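Undergrad: below is the sequence, then the predicted model.
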Amino acid sequence: MSTAIKQQKEFEMLMKAYEKAGGNVSKFLDKRVASLIISGRKIVGLNGVKGVEIFPEELSDGVRAKIVVKKDTVLETPIHICTGYLEKQGIQRVIFEIEIQENSQVKFVAHCTFPWAEKFTHDALSIVSIGRNAKMYYSDEHYHSNTGSITLKTTTRAKIAEKGLFVNNFTLTKTRVGKLILDAEAELDDQSTADLTAKVRAIENDQVAIREKLRLLGKYSNGIAKTTVVALDKAKVRVVNEAYGIGSYSKAHIRCDEVTKGEDVDVSTVPILKVLNDLSELTHEASIGRVNAAQLQTLMSKGLSEEEATDLIISGLLK
């Protein structure tokens, strides 16, 4: 499948917005790189490579795409996905059905760019199937407008077969959140692994609700769910991390770190651990509060103001 670029003007506008947010446009023009570019409900760019099949479909309010990585395929370069919306108002629904077949290994780099959106909802569903001994890494980074009026709903449902690996990283730290509802769930078979990570910076009156869930069905399956949120000003944050130990010798660890700054922040974290097999082992750790005092004092002793030191610590947490 060769590169196809439709709606050239819209493609160029989206790429300019993406590049301004820090993205590398050249990857979407490289025929050696599999890519999918979505603007609103239109597919404006598409490229496939050997071992990867992409079947996109335009919907009335968004796009559905099935992505298949064929058996025994190992990609040296990531699959790039850019999802954007160039209007001020509206809704965009995106459905990805991703199948990673046996013994394959692939990385995805996904960016969502909504530079001018004011009253806008982005509703994304990812249904992921990872075959035996296959590995999938998914990096999802968001760039919103600074209006704080975007609603982002992102749902992931992943099933990982025997000895499979699923690594999912969600990042929204460079612009306003608006309202975020993140719901990620992984089901693990024998000796499989899942790593769910979310990093979010919420400011002003942003609202964040995060739920990450691990279902350890198989023997020796293991997983980790990590959430880091910086909540400033009047931000409201709710985090629920869940782990269910069902398979023999399954292990999971959940961790939530929430850093607060501002008298009106409202944050909470709820760990849920449930052992249904006495050979399973589940652990958790959580922290909520201001930046580490010892780190703050160390940086201030080097000449930084309290504000500068606080910003540096927060930047380090969200990297």
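TA: Arrived safely, thanks for sending. As the structure is a computational prediction, the values presented were derived from the model and not from experiment.
Undergrad: which parts of stretch 125-142 are buried?
TA: 125-126, 128-142 (16 or more other C-beta atoms under 10 Å). No exception for glycine: its C-beta is placed from N, CA and C like everyone else's.
Undergrad: same thing with stretch 161-179?
TA: 161-173, 175-179.
Undergrad: what's the span of that stretch, first residue to last?
TA: This stretch, stretch 161-179, spans 33 Å end to end (C-alpha to C-alpha, to the nearest Å).
Undergrad: next step: the buried residues of stretch 161-179 restricted to helices.
TA: Using DSSP state H, no member of those falls in helices.
Undergrad: of the buried residues of stretch 125-142, which belong to helices?
TA: Using DSSP H, none of those sit in helices.
Undergrad: strands - which of these land there?
TA: 125-126, 128-130, 135-142 (DSSP state E).
Undergrad: let me know the closest of the residues you listed to Asp72.
TA: Lys135 (12.3 Å; C-beta to C-beta).
Undergrad: how about the strands in the stretch 201-319 of the chain?
TA: 207-216, 222-232, 236-245, 251-261, 266-275, 281-289 (DSSP state E, counting those that start in this stretch).
Undergrad: looking at these, which is nearest to Val106?
TA: Val106 sits nearest to strand 222-232 of all those, at 19.7 Å, using C-beta to C-beta.
Undergrad: average pLDDT across that closest one?
TA: The average pLDDT for strand 222-232 rounds to 95.
Undergrad: first-to-last residue distance for stretch 81-101?
TA: Start-to-end, stretch 81-101 (C-alpha to C-alpha) is 19 Å.
Undergrad: adjust the sequence numbering to begin at 23 for everything that follows.
TA: Sure, I'll start counting at 23 from here, so that last one is stretch 103-123.
Undergrad: give me the buried positions along that stretch.
TA: 103-108, 112, 114-118, 120-123.
Undergrad: again, but for stretch 324-338
TA: Quick answer for stretch 324-338 (16+ other C-beta under 10 Å): 331-332, 335-336.
Undergrad: again, but for stretch 242-259
TA: Per 16+ other C-beta under 10 Å, stretch 242-259 contains these buried residues: 242-254, 256-259.
Undergrad: same deal with stretch 67-82?
TA: Residues of stretch 67-82 classed as buried: 67-71, 73-74, 76 (neighbour count, 16+ other C-beta under 10 Å).
Undergrad: in strands, which of the buried residues of stretch 103-123 fall?
TA: Per DSSP E, the buried residues of stretch 103-123 map to strands at 103-106, 112, 114-118, 120-122.
Undergrad: and the residues you listed, which two are the farthest apart?
TA: The span of these, defined through C-beta to C-beta, is set by Gly112 and Ile122 at 31.7 Å.
Undergrad: tell me which element Glu41 falls in.
TA: Using DSSP states H and E, Glu41 maps to helix 30-42.
Undergrad: before we move on, the earlier item: and Gly62, which of the strands of the stretch 223-341 of the chain is closest to it?
TA: Nearest of the strands of the stretch 223-341 of the chain (C-beta to C-beta): strand 229-238, 24.6 Å.
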